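In: My questions are about this predicted structure, shown below with the sequence.
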Amino acid sequence: MQTMKRWEMHQTGRDALALNHVARPQPAADEVLVKVMAVALNHRDLMVIENGRGLPLRFPFTPGSDLSGCVVDTGANVTRFVPGDEVISVFTPEWQDGPRPGNAREMAYRTLGGFYPGVLAEYVVMKENWLVRKPASLDHVQASTLPCATLTAWFALVERGNIQRGETVLIEGTGGVALAALQIARMKGARTLLVTRSSKCEQAKLWGADEVIDRQQDVVATVLALTADRGVDHVLELVGGSHLGQSAAMAAVGGKIYLIGALAGFEVSSPLEPLLFKDLHLYGIATGHRRALEDLCAAVDQQGFAPVIDQLYPLAALPAALTHLARGPSGKIIITMENKAIG
């Protein structure tokens, strides 16, 4: 019997994580066996590990959702992939295209590393439509950043926002979604305004932000001055809580606000006047579907994309990687496999 290493937990809490030796899974008829090469961590992974986020976790549970890897074997009915293909995971695997599954009472948010088992293992099996081809222009470390954080930014700005050259985008912070949004906005020829703390302002300029705003300043006044009172066309609302009111104050007439983050709480609030009298559009963004991920991968190969990586950790160093994630990285934290050979 062939074995592999896999992170598992029998209850929530970082102390419950254990790197176990388990049997290597075998693909069913409609499944693909993938050798995992890299896994990008998200702040959501930390929350799932620490408290479960109210999800129906099935123990022993494996966390993590964003993999890049190589197909090793396929089931008899698989038609989309063959051994040797390089693939990345679909974060919300049931959401293939069109409207999100679910209804008004039961909101569907069934993701890898949450409702479904995660990918922090040397090998995983997945249904073939839970994977897409990796962009050829990215290595596995870079490609692992696409399934959640980068797709979220893409789904907001491109799929929902139809961003155009010359428009203005406001981005808050230097987390995974924020820096992906910066790269996508630059790819589309938009002007970027990035708000961050003073210690990261110089680095943000190196990442390509057109304007960098110290969050200790009067951010609203600064944004309005930089846009000659026009405001910004696109606002990535990554904070939540009452911060929505600040986003509304900075948005242009007809502007678009993408509700993504909840660092300040899941209850959002804003004065009503700017929402009404500026004809603002609010979009709830919780990643995106498989077709949008395929569109993103095609754009990456056609136009180029340089994800910002903070640090790499080997599989065994997941606890240290989570500690780094909790501190607030500048870019993505990636788990890599020591043995990169296929097979």
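Out: Thanks, I have the structure now.
In: partners of the closest residue to residue 257 other than its chain neighbours in the sheet?
Out: Ranked by C-beta to C-beta, 6 or more residues apart in numbering and with sequence neighbours excluded, the top spatial neighbour of residue 257 is residue 235, at 4.6 Å. In short, each C-beta sits where N, CA and C put it, glycine included. On the basis of DSSP bridges, residue 235 is bridged to residue 170, residue 257.
In: quick one: contacts for residue 235?
Out: 169, 170, 247, 250, 251, 255, 256, 257, 258 (C-beta atoms under 8 Å, 6 or more residues apart in numbering).
In: wait, which of those residues is closest to residue 120?
Out: Nearest to residue 120, judged by C-beta to C-beta, of those is residue 258 at 28.5 Å.
In: For burial, what's the neighbour tally of the closest one?
Out: 26 (other C-beta atoms under 10 Å).
In: That one contacts residue 159, doesn't it?
Out: No - using C-beta atoms under 8 Å, residue 258 is not in contact with residue 159, being 10.5 Å away.
In: Please report the distance of the residue nearest to residue 257 from residue 219.
Out: Between residue 235 and residue 219 the computed distance is 11 Å (C-beta to C-beta, to the nearest Å).
In: so what sits against both of these two?
Out: Taking C-beta under 8 Å, 6+ apart as the criterion, residue 235 and residue 219 both touch residue 250.
In: tell me the pLDDT at residue 338?
Out: Residue 338 is assigned a predicted lDDT (pLDDT) of 64.
In: For residue 319, give me the pLDDT.
Out: 97.
In: any idea which element it lies in?
Out: Assigned by DSSP states H and E, residue 319 belongs to helix 318-327.
In: Beyond that helix, next helix or strand please.
Out: With DSSP H and E, the next secondary element past helix 318-327 is strand 332-336.
In: Provide the secondary structure category for residue 270.
Out: Following DSSP: H, G, I helix; E, B strand; the rest coil, we place residue 270 in the coil state.
In: Might you report the residue contacts of it?
Out: With contacts defined as C-beta under 8 Å, 6+ apart, residue 270 is in contact with 242, 244, 245, 247, 248.
In: Recalculate using a threshold of 6 Å.
Out: Residue 270 makes contact with 244, 245, 248, according to C-beta atoms under 6 Å, 6 or more residues apart in numbering.
In: One more: residue 247?
Out: Shown in contact with residue 247 (C-beta under 6 Å, 6+ apart): 235, 237, 257.
In: if I look at the spatially most central residue of the chain, how far off is residue 138?
Out: Most central in the chain under C-alpha atoms, centre = their mean is residue 149, positioned 1.5 Å from the mean C-alpha point. Between residue 149 and residue 138 the computed distance is 14 Å (C-beta to C-beta).
In: In terms of secondary structure, what does the helix or strand containing residue 298 contact?
Out: Using DSSP H and E, residue 298 maps to helix 290-303. For helix 290-303, the elements it packs on are helix 151-154, judged by 3 or more C-beta pairs under 6 Å, 6 or more residues apart in numbering; DSSP states H and E.
In: Is there a neighbour count for the residue nearest to the residue nearest to the centre of the chain when sequence neighbours are not counted? I'd like the number.
Out: In space, and not counting its chain neighbours, residue 149 is closest to residue 176: 3.4 Å by C-beta to C-beta, 6+ apart. Neighbour count for residue 176, taken as other C-beta under 10 Å: 28.
In: Next: residue 23.
Out: 11.
In: quick one: pLDDT of the residue nearest to residue 257?
Out: On the pLDDT scale, residue 235 gets 98.
In: Check the one 4 residues further on too.
Out: We have a pLDDT of 88 for residue 239.
In: Figure out how far stretch 4-15 is from the centre of its chain.
Out: In this view, stretch 4-15 has its centroid 22 Å away from the chain centroid, taken as C-alpha atoms, centre = their mean, to the nearest Å.
In: Just the residues contacting that stretch, thanks.
Out: When contacts are defined by C-beta under 6 Å, 6+ apart, stretch 4-15 is touched by residues 16-20, 22, 24, 49, 51-52, 59-62, 120-123, 318.
In: Would you write a ChimeraX line that selects the buried entries of these?
Out: Buried members of the contacts of stretch 4-15, defined by 16 or more other C-beta atoms under 10 Å, are picked up in ChimeraX with:
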select :17,24,49,52,60,61,62,120,121,122,123,318
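In: Next step: the contacts of stretch 4-15 restricted to strands.
Out: Residues of the contacts of stretch 4-15 located in strands (DSSP state E): 17, 18, 19, 20, 22, 123.
In: Now pLDDT too, for those residues, in a markdown table please.
Out: Shown next, in a markdown table, are the ones in strands among the contacts of stretch 4-15 (pLDDT from 0 to 100):
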| residue | pLDDT |
| --- | --- |
| 17 | 98 |
| 18 | 98 |
| 19 | 98 |
| 20 | 98 |
| 22 | 98 |
| 123 | 98 |
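In: Now flag whichever of those residues is closest to residue 1.
Out: The nearest one, if we look at those relative to residue 1 and count by C-beta to C-beta, is residue 22, at 10.0 Å.
In: if I pick the closest one, what's in contact with it?
Out: residue 6 are the contacts of residue 22 under C-beta under 6 Å, 6+ apart.
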